[in-house]
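# Fold the following, please.
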Amino acid sequence: MDNVSKRVARPNASSRMPATPTRTAAAPLAPVGSGREAPAITRRNFSTACSPRLLKRPISPDPSVLQGPVGGENARSQWERRPLPFGVHPPASHNAGTWICPFDTVQLSTPNPAPRHDPLAPLRAAGRALLYLWSFPTTAVGLLFLPFALLARDGGAHVVDGVLELHGGLVTFFLQHCTLLRGGASAMTLGHVVLGRDERLLDLTRSHERVHVRQCERWGPLFIPAYLLASLWVKLRGGRPYEDNPFEREAYGRES
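Below you'll find the model as predicted:
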């Protein structure tokens, strides 16, 4: 053989050595049949490649590939045998909400919807203001105790759920000695003002007294006369002026 034939017959050096797999640059995995490949990720364009704009494409295969006579297990096995970039793993199943970044898997979620505008909110606020105005004559009676509660050493005043609660000093004396109940009263409601002996009794009777507050909002300036007339009517009929009073029966029924 001549030299040319020897060169042709001489085995190639690359055929005697095993092929070394080359490491491709990491890139987002594009869906099958997209017709284009995602750009390679480098230090310079890593943030761009992982941006939500490029992650809008699901990494799972086109469902049409896995169906039909050419689909099935063969198509799925071909998808699984497809070489993947470094750090990317194929999904176990098609999930439209899962997206792949070469270094992480990101689960996208729907952003919180904007708070809905309540067109009736101004009307509710106006109605609430009218209730305070309607019951203010009764509330004004309770406000007379405010200076005495603030000046007392054991007294105090605070607002709870839009209701002013007073305790201590002259308020305590009034509830103990100036009511028609034997042993005095623990608390009393006058419009949007609640009188209590102390903070502990205000906490214990809050649910009961809130029913009286709603009654004051219904009856307005007529609450005190209506309450006294109801007790007198029950007394004349041989009942108990306090326990059988319709206002108190409603309060105890709502409380339980």
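# how far away is the closest residue to residue 198 other than its chain neighbours from residue 221?
Nearest residue to residue 198 in three dimensions, chain neighbours excluded: residue 167, at 5.3 Å (C-beta to C-beta, 6 or more residues apart in numbering). Yep, even glycine has a C-beta here, placed from its N, CA and C like the rest. According to C-beta to C-beta, to the nearest Å, residue 167 stands 25 Å off from residue 221.
# you'd agree residue 241 is in a helix?
No. Looking at residue 241 with DSSP: H, G, I helix; E, B strand; the rest coil, it is coil, so not inside a helix.
# Give me the neighbour count for the closest residue in space to it that isn't next to it in sequence.
Once flanking residues are discounted, residue 241 sits nearest to residue 231: 4.0 Å by C-beta to C-beta, 6+ apart. If you count neighbours by other C-beta atoms under 10 Å, residue 231 ends up with 20.
# Give me the helices and strands touching the helix or strand hosting residue 231, please.
Assigned by DSSP states H and E, residue 231 belongs to helix 223-236. On a contact count with 3 or more C-beta pairs under 8 Å, 6 or more residues apart in numbering; DSSP states H and E, helix 223-236 meets helix 136-143, helix 206-219, helix 246-255.
# right, and these - which one's nearest residue 226?
helix 206-219 (5.6 Å; C-beta to C-beta).
# tell me which element residue 194 is part of?
strand 193-196.
# how far away is residue 189 from residue 249?
15 Å.
# who's more crowded, those two?
residue 189 (27 against 13).
# Tell me where this protein has helices.
Listed in chain order, the helices of the chain (DSSP state H) span 3-9, 13-16, 46-49, 73-81, 121-134, 136-143, 146-151, 170-177, 199-204, 206-219, 223-236, 246-255.
# Any figure for the gap between residue 217 and residue 192?
8 Å.
# what residues are shared contacts of those two?
Common contacts of residue 217 and residue 192 (C-beta atoms under 8 Å, 6 or more residues apart in numbering): residue 135.
# Please say which of those two ends up with more neighbours.
residue 192 (21 against 18).
# Enumerate every residue touching that one.
Here residue 192 is in contact with 132, 135, 139, 142, 162, 163, 164, 213, 216 (C-beta under 8 Å, 6+ apart).
# Extract the C-alpha trace of stretch 124-132 and format it as CSV.
The C-alpha atoms that make up stretch 124-132 are tabulated as CSV, following Å, rounded to 0.1, in the frame of the first residue of the first chain:
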residue,chain,number,x,y,z
ARG,A,124,-73.1,52.3,56.8
ALA,A,125,-70.9,55.0,58.4
ALA,A,126,-73.7,57.5,58.0
GLY,A,127,-76.2,55.1,59.6
ARG,A,128,-73.9,54.5,62.5
ALA,A,129,-73.5,58.2,63.0
LEU,A,130,-77.3,58.6,63.1
LEU,A,131,-77.6,55.9,65.8
TYR,A,132,-75.1,57.8,68.0
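# I'd like to check what contacts it. Which residues are they?
In contact with stretch 124-132 (C-beta under 8 Å, 6+ apart) are residues 139, 192, 217.
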